[in-house]
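S.K.: Predicted model, plus sequence, below.
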Amino acid sequence: MTDTESTARNGVPERPTLDGIEGTWARRWQEDGTYAFDRSKQRSDVYSIDTPPPTVSGELHMGHVFSYTHTDTIARFQRMRGKTVFYPMGWDDNGLPTERRVQNVYGVWCDPELPYDPAWRPPATPITDEARKNPTPISRRNFIELCERLTVADEQVFEALWRRLGLSVDWSLTYTTIGRVARATSQRAFLRNLARGEAYQAEAPTLWDVGFATAVAQAEL
């Protein structure tokens, strides 16, 4: 019997390899609920992690990986201490980076004065530099539909990368900042602040985006 026949019969590969190991374990952890949050636990037994959701701007970089590795180390340490860890992953897809990405990918810009066209379809990608310099105006509703379409595709790529890296998040808790749940939550929080007298209006200097013609938060910089 040759060595090759022996290893094939024993189910051991002739040459060990790490190819595909990330996907194998990601599926195993998902099926076994290894990192699922246990809602039956008392609050004193819960360690909650609130991470700033990464911006859906088209790509993740080494900085994302580095910072979330830090967070995951803490999550794993708390599990070793006996805590049940509340560790969701979210996507920040509600803001100017999403609008800018839609403009660059599809070569369009939002004109609120245009009527909605249900039959309109985006041009085929990739878009040329000329199309980006002279974008096609579309209605606000058409533009929002493109935002929703592109963010879904980008978020699938983001999740695949995080799963491959082995982040120990509970993927059943995934949320988006543009989603109805997140919007309703933020609105309720603002109304609570208003009732407490914590929300106010004031005249003050602000940042202004001449392209989008809107005020810009410091975080957008």
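M.R.: Structure received. Numbering: from 1, shown residues only.

S.K.: Tell me how far the spatially most central residue of the chain lies from residue 183.
M.R.: Residue closest to the mean C-alpha point of the chain, counted by CA atoms, centre = their mean, is residue 91 at 2.6 Å. Here the distance between residue 91 and residue 183 works out to 14 Å (CB to CB, to the nearest Å). For glycine as for every other residue, the C-beta is placed from the backbone atoms N, C-alpha and C.

S.K.: Between those two, which contacts overlap?
M.R.: Where contact means CB atoms under 8 Å, 6 or more residues apart in numbering, the residues bridging residue 91 and residue 183 through contact with each are residue 177.

S.K.: what packs against the longest helix anywhere in the chain?
M.R.: Scanning the chain for the longest helix, with DSSP state H as the assignment, gives helix 140-165. In terms of contacts (3 or more CB pairs under 8 Å, 6 or more residues apart in numbering; DSSP states H and E), helix 140-165 is packed against helix 21-32, helix 62-80, strand 90-91, helix 96-106, strand 108-110.

S.K.: of the ones you listed, which approaches residue 205 most closely?
M.R.: helix 96-106 (19.0 Å; CB to CB).

S.K.: counting contacts, what elements does the closest one pack onto?
M.R.: Other helices and strands packing on helix 96-106, by 3+ CB pairs under 8 Å, 6+ apart, are strand 108-110, helix 140-165.

S.K.: Tell me which of the ones you listed is the most buried.
M.R.: For these, the largest average neighbour count (mean count of other CB atoms under 10 Å) is found in strand 108-110, namely a mean of 20.

S.K.: So what are the sheet partners of that strand and their directions?
M.R.: Counting by DSSP bridges, the strands paired with strand 108-110 are strand 136-138 (parallel).

S.K.: Which residues does the partner strand contact?
M.R.: The contact list for strand 136-138 (CB under 8 Å, 6+ apart) reads 107-111, 114, 117, 120, 123, 146.

S.K.: same thing but 10 Å
M.R.: Residues external to strand 136-138 that are found in contact with it (CB atoms under 10 Å, 6 or more residues apart in numbering): 102, 106-114, 116-117, 120, 122-123, 143-146.

S.K.: swap in stretch 213-221?
M.R.: For stretch 213-221, using CB under 10 Å, 6+ apart, the contacting residues are 52, 55, 92, 95-97, 99, 206-209, 212.

S.K.: Columns distance to residue 39, neighbour count and pLDDT on top of those, output as CSV?
M.R.: Below are the contacts of stretch 213-221 laid out as CSV (distance: CB to CB, whole Å; neighbours: other CB atoms under 10 Å; pLDDT from 0 to 100):
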residue, distance to residue 39, neighbour count, pLDDT
52, 24, 9, 82
55, 29, 21, 84
92, 25, 19, 89
95, 30, 17, 80
96, 35, 16, 84
97, 33, 15, 83
99, 36, 19, 88
206, 41, 9, 89
207, 41, 11, 90
208, 44, 10, 91
209, 42, 12, 85
212, 41, 15, 77
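
S.K.: Now the two most distant members of the residues you listed.
M.R.: Spanning the widest gap among the contacts of stretch 213-221 are 52 and 208, at 24.2 Å by CB to CB.

S.K.: Find the residue ranges of the chain scoring beneath the pLDDT cut-off.
M.R.: Low-confidence segments of the chain, defined by pLDDT under 70: 1-11, 125-126.

S.K.: element containing residue 53, please.
M.R.: Taking DSSP states H and E as the criterion, no element holds residue 53; it sits outside all helices and strands.
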